[in-house]
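K.L.:
sequence first, predicted model second:
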Amino acid sequence: MRPPHRDPRLVLLVAAGGAVGTLVRWAVSEVVPTADGFPLATLAVNVVGSFVLGLLLERLTRRGPETPSGRRWRLGLGTGFCGGLTTWSSFAVEVDRLTSTGSVGTAAGYALASLAAGLLAVVAGTALAARGSR
């Protein structure tokens, strides 16, 4: 069996998942406004992506050794979709923008909220998957 990064079907699966995740992120950014400079859309997609990734990886881990089906789920939904949905680069740019414009408190609150909510979301997703597999 060839490594995943050399299997064109898996590469296309990651690309397709990434395209869908990116489109969802764009759609959320069009619908969710900023609140006094606070980038709610980026916060929302990063938290949702963290939750989905925690849920997915815990679920796959509890199934045992990776199967071809599990690999497709991990790469398509985890690497592809969640990778396209979440945007830590935008998070960094937004923190820099807020700091550069003198909104240091908002930047600090946004950074803290993003990190704390992302961590709580991945823990919640992991816990939900663990509970569901009992």
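P.N.:
Cool, the structure landed.

K.L.:
excluding sequence neighbours, find me the nearest residue to the residue at minimal distance from the centre of the chain.
P.N.:
With distances taken as C-alpha atoms, centre = their mean, Gly49 lies nearest the centre of the chain, 2.8 Å away. Among residues not flanking Gly49 along the chain, Thr86 sits closest, at 3.6 Å (C-beta to C-beta, 6 or more residues apart in numbering). C-betas here are computed from N, CA, C, even on glycine.

K.L.:
that neighbour and Leu43 touch, don't they?
P.N.:
No. Taking contacts as C-beta atoms under 8 Å, Thr86 lies outside contact range of Leu43: 10.8 Å.

K.L.:
so which of the two has more stuff around it?
P.N.:
With neighbours defined as other C-beta atoms under 10 Å, Thr86 and Leu43 compare such that Thr86 has more, 22 against 18.

K.L.:
how about the longest helix anywhere in the chain: buried residues?
P.N.:
Ordering each helix of the chain by length in residues (DSSP state H) puts helix 104-132 first. Residues of helix 104-132 classed as buried by neighbour count (16 or more other C-beta atoms under 10 Å): Thr106, Ala107, Tyr110, Ala111, Ser114, Ala117, Gly118, Ala121, Val122, Gly125, Thr126, Ala129.

K.L.:
out of those, who's nearest Gly37?
P.N.:
Among these, Thr106 lies closest to Gly37 (C-beta to C-beta), at 5.6 Å.

K.L.:
list the contacts for that closest one?
P.N.:
Counting by C-beta atoms under 8 Å, 6 or more residues apart in numbering, Thr106 makes contact with Asp36, Gly37, Phe38, Leu98.

K.L.:
and the helix or strand harbouring Gly70, what's its mean pLDDT?
P.N.:
Gly70 belongs to helix 68-73 when assigned by DSSP states H and E. Average pLDDT, helix 68-73: 94.

K.L.:
check stretch 12-20 too.
P.N.:
Mean predicted confidence for stretch 12-20 is 97.

K.L.:
I'm done for today, thanks for sticking with me.
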